[in-house]
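In: coords please:
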Amino acid sequence: MTITGGINIAMKVPSHQYEAVVAFYRDTVGLEPFDDKAPAKGFILGPNRLWIDEAPNYSQAEVWLELFTDDHEAALGGFAEKGVVRCDAVEDLGEGFRGGWIMNPANIVHMVRTPDAW
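Out: Presented below is the predicted three-dimensional model:
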């Protein structure tokens, strides 16, 4: 089993800040936008993709990270053995998705998935 950094970074933004955050990355920073997962807004961030997701029930923004693995079951099991918290309830990935959600000790959410699971 191998773990590597993924290409996706998700920013979950409360509704009252959403449009201003999108405008910041689009107009102020000038990142190249893409929208292949609408309604989420995406921006090219070097070799990564920055997703800005509207999160109506949030009071503050969160950043979620992604880890790739060749064997998601072994990786998630290995994390569990090390006491890492699973948090699959944060967002439904759908039946049969090859991955899951964990949190680091500071409660930053990480998706652990095979690179072809999408």
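In: F34 against I44, yeah?
Out: Yes - at 6.8 Å, F34 counts as touching I44 under the criterion of Cβ atoms under 8 Å. Placement of C-beta: from N, CA and C, glycine included.
In: how about stretch 57-77: buried residues?
Out: 58, 62, 64-69, 72, 75-76 (16 or more other Cβ atoms under 10 Å).
In: relative to T4, which of the residues you listed is nearest.
Out: F68 (4.9 Å; Cβ to Cβ).
In: what helix or strand is the closest one located in?
Out: Under the criterion of DSSP states H and E, F68 resides in strand 62-69.
In: and the closest residue to V112 other than its chain neighbours, what pLDDT?
Out: Excluding the flanking residues, the one nearest V112 by Cβ to Cβ, 6 or more residues apart in numbering is L67, at 4.9 Å. pLDDT for L67: 96.
In: could you list every residue that touches L67?
Out: When contacts are counted by Cβ atoms under 8 Å, 6 or more residues apart in numbering, L67 touches 3-6, 75, 110-113.
In: distance of it relative to E19?
Out: Using Cβ to Cβ, to the nearest Å, L67 is found at 30 Å from E19.
In: all good on my end, thank you.
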